[in-house]
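Novice: Next input, structure requested:
(chains A, B and C)
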Amino acid sequence: MSFTSSSASPAGSALQAEVQQFYAWQMHLLDSGEADAWAETFTEDGVFAANAHPEPARGRETIRAAAAKAAAQRAEEGIQVRHWLGMLEVRPREDGSVLALSYALIVNTPMGGSPQVHLSTTCEDVLVRGEDGGWLVRDRQVKRDDLP
Amino acid sequence: MSFTSSSASPAGSALQAEVQQFYAWQMHLLDSGEADAWAETFTEDGVFAANAHPEPARGRETIRAAAAKAAAQRAEEGIQVRHWLGMLEVRPREDGSVLALSYALIVNTPMGGSPQVHLSTTCEDVLVRGEDGGWLVRDRQVKRDDLP
Amino acid sequence: MSFTSSSASPAGSALQAEVQQFYAWQMHLLDSGEADAWAETFTEDGVFAANAHPEPARGRETIRAAAAKAAAQRAEEGIQVRHWLGMLEVRPREDGSVLALSYALIVNTPMGGSPQVHLSTTCEDVLVRGEDGGWLVRDRQVKRDDLP
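Specialist: Okay, the predicted model is just below:
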C-alpha cells in the first residue's frame, strides 16, 4: 500500500508548502459550497473515486455537479461541513506529478448544535501542474475508514 | 468572502513555516493558561472579534483578561482545552501584513473523561511583524459554525 | 514547561517541512499496523514514555512489540485508528537534535460505525538524525489530557 511503501524522495519545503496551500484553498472552496471553483481544482479529465461509491466521478462537470448537489443538501439541513486534511506526505514523481497521501476528517456542525466528526478517511491524490503553475487533482482516491 | 476569493499571491515556504510556528506557539500558550504571554502575541491595539460576542475585545489588556478568566474557569471545571488550527492559507499583502485564513477546532477533555469536539470555527487573522521580527495578531475574526 | 518556554530559535522552513513529513510517514506506518517499520523510526535505544504507563518502553524491540500487540488488538476489534499530530513547534538545539512539541488526537473508527475522538494528548519528542539523514525519535513523552 502506498501509505507504507518507502518514501525515497520526500518533497522539499517549497513543494510541500505549495501543496499544503493548495489543499487549504481547495477545502475552503468545497466547504463554502463553491462548486464551480472547486471543480476547477481538478484537471478537465480528473477522477474522484471513493470506496463509498460504486463508480468514480469522471471529469470536471461530474465533479462539479456532485459538489453542487451536496452543498444544496447541506444548506437545506442547516449543516456547516469542514474538511480537515492532515498528516500529509508529498512525494514528487519523475514525470513532474506529485503523489500526495493524507488523512481527512469531515466535521459537521448543525446550526445551533455541536460539531460531530462525521467521517474519517484516507486521501490519495495525484497532482499535476496546471497552465498557471498551480496544482490540480488528476486522480483522487478517498477511502472511508468505516467501510471495507 | 475572503475564504473563497482568488488567492493571487500565495505565501512562499519560509513565510508559511513562520506563520505555522506562530500559531503552534500561540495556541500552546492559550491552552496552557499563559494569559500574559498570550496577550503579547497580539499588537498593543489588537482586536479579537467573534460572532459569539456582541462586542470585539480591543487591546492587549482586554484580551489578556478574557484569556485569564477563561483559563480560571476551565481549571475549576477540570477541563483541558486544545485549540487546533488547520487548513491554513497564508496571503501576504502589499503593506507587509499577512492575511491568514484557517479553520479551528476546540477539543475539550475533562479529567478522567473523553475528548469532545466542543466547537468548530473559522479564523481570519491580519498578522503584522513585531519589533523583534516575529508575528503578531492585529485583527482576529472568529466565526463559530453553529452560530449565524 | 517546554510548551510555553521561550522559543528563541524557531526552525527554518526546510527543517519544519522535514519534521512534518517525518511525522506523516511515522503515523501512516503506525496506523497501518507496520510495527517493524514503525520501530525503525526510533533510535536503537529510543524511549517512549507516557503518563498512561508506569514505565517507559525502552529500545526498538520493546517499542515494536507494543505496536504489534496494539495493532493485533485493533484488528480483532475491527477498529481503524488514525493518529493526527498537529500544532507542531520545531526547535533546533545546539547539539543538532530537535525538540518537537505537538498535540495529538487519536481518532478511532469501528467498521460500519462513526469516528470517535478517542484521546487528546501532547507529544514532546527529541529527534536526531539517522545515518541516512532522516529523522529518528530518541525520546518521546506522551501525556494524555484526561490523566493527571
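Novice: CA atoms for contacts and neighbours, from now on please.
Specialist: Will do.
Novice: The helix or strand where A:Gln26 lies near chain B at all?
Specialist: Assigned by DSSP states H and E, A:Gln26 belongs to helix A:13-31. Yes. Helix A:13-31 is in contact with chain B by C-alpha under 8 Å from any C-alpha of the partner chain, via A:13-14, A:16-18, A:20-21, A:23-25, A:27-29.
Novice: what would those look like in TSV with distance to C:Gly96, neighbour count and pLDDT?
Specialist: Putting the residues of helix A:13-31 next to chain B into TSV (distance: C-alpha to C-alpha, whole Å; neighbours: other C-alpha atoms under 10 Å in any protein chain shown; pLDDT from 0 to 100) gives the following:
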residue	distance to C:Gly96	neighbour count	pLDDT
A:Ser13	19	24	92
A:Ala14	23	16	93
A:Gln16	23	25	96
A:Ala17	24	22	95
A:Glu18	27	17	96
A:Gln20	27	20	97
A:Gln21	29	24	97
A:Tyr23	32	20	98
A:Ala24	32	22	98
A:Trp25	35	24	97
A:Met27	37	22	98
A:His28	38	26	98
A:Leu29	41	20	98
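Novice: and the residues you listed near chain C, which?
Specialist: Within the residues of helix A:13-31 next to chain B, those near chain C by C-alpha under 8 Å from any C-alpha are A:Ser13, A:Gln16.
Novice: Is it correct that A:Leu88 is in contact with A:Ala104?
Specialist: No. A:Leu88 lies out of contact with A:Ala104 (C-alpha atoms under 8 Å); the separation is 9.6 Å.
Novice: Those residues of chain A touching chain C, which are they?
Specialist: A:3-4, A:10, A:12-13, A:16, A:86-90, A:102, A:117-120, A:145-148.
Novice: Looking at those residues, which are in helices?
Specialist: Those of the residues of chain A next to chain C mapping onto helices are A:Ser13, A:Gln16, per DSSP state H.
Novice: Narrow the residues of chain A next to chain C to just the buried residues.
Specialist: Among the residues of chain A next to chain C, those classed as buried by 16 or more other C-alpha atoms under 10 Å in any protein chain shown are A:3-4, A:10, A:12-13, A:16, A:86-90, A:102, A:117-120, A:145-146.
Novice: From the residues you listed, which land in strands?
Specialist: Those of those mapping onto strands are A:Gly86, A:Met87, A:Leu88, A:Glu89, A:Val90, A:Ser102, A:Val117, A:His118, A:Leu119, A:Ser120, per DSSP state E.
Novice: Can you tell me which of these is nearest C:Gly46?
Specialist: Here the nearest of those to C:Gly46, counting by C-alpha to C-alpha, is A:Met87; it sits at 22.6 Å.
Novice: residues touching the closest one, list them.
Specialist: Counting by C-alpha atoms under 8 Å, 6 or more residues apart in numbering or on different chains, A:Met87 touches A:Leu101, A:Ser102, A:Tyr103, C:Gln20, C:Gln21, C:Tyr23, C:Ala24, C:Trp25, C:Met27, C:Trp84, C:Leu85.
Novice: State the pLDDT value of it.
Specialist: pLDDT, A:Met87: 98.
Novice: Need the nearest residue in space to it, chain neighbours excluded.
Specialist: C:Ala24 (4.4 Å; C-alpha to C-alpha, 6 or more residues apart in numbering or on different chains).
Novice: And A:Gly113, by the same measure?
Specialist: B:Asp146 (5.8 Å).
Novice: Next one: the one you found relative to chain C, how far apart?
Specialist: 20 Å (C-alpha to the nearest C-alpha, to the nearest Å).
Novice: again, but for A:Asp95
Specialist: Taking C-alpha to the nearest C-alpha, one finds A:Asp95 at 21 Å from chain C.
Novice: okay, now A:Asn108: neighbour count?
Specialist: Counted by other C-alpha atoms under 10 Å in any protein chain shown, the residues lying close to A:Asn108 total 23.
Novice: Sorry, slip of the keys, the one I care about is A:Pro110.
Specialist: With other C-alpha under 10 Å as criterion, A:Pro110 counts 18.
Novice: Model confidence score at A:Glu40, please.
Specialist: So A:Glu40 comes in at 97 (pLDDT).
Novice: Chain neighbours aside, what residue packs nearest to it?
Specialist: Closest to A:Glu40 by C-alpha to C-alpha, 6+ apart is A:Arg60, at 7.0 Å.
Novice: Neighbours of that neighbour, how many?
Specialist: Neighbour tally, A:Arg60, other C-alpha under 10 Å: 21.
Novice: Looks to me like A:Ala37 is in a helix.
Specialist: Yes. The assignment for A:Ala37 (DSSP: H, G, I helix; E, B strand; the rest coil) places it in a helix.
Novice: What residues does the spatially closest residue to it that is not a sequence neighbour make contact with?
Specialist: Leaving aside its chain neighbours, A:Ala37 sits nearest to A:Leu29 (6.8 Å; criterion: C-alpha to C-alpha, 6+ apart). Counting by C-alpha under 8 Å, 6+ apart, A:Leu29 makes contact with A:Ala35, A:Ala37, A:Trp38, B:Phe3, B:Thr4.
Novice: For the third one, give me its contacts.
Specialist: Right, A:Trp38. Per C-alpha under 8 Å, 6+ apart, neighbours of A:Trp38: A:Gln26, A:Leu29, A:Leu30, A:Arg64, A:Ala67.
Novice: How far off centre is the one helix or strand the fourth one maps to?
Specialist: So the one you mean is A:Arg64. Per DSSP H and E: A:Arg64 is located in helix A:60-77. The gap between where helix A:60-77 is centred and where its chain is centred comes out at 15 Å by C-alpha atoms, centre = their mean, to the nearest Å.
Novice: now swap in stretch A:22-31 and tell me
Specialist: The answer for stretch A:22-31 is 8 Å, by C-alpha atoms, centre = their mean.
Novice: Stretch A:39-53 too?
Specialist: The answer for stretch A:39-53 is 9 Å, by C-alpha atoms, centre = their mean.
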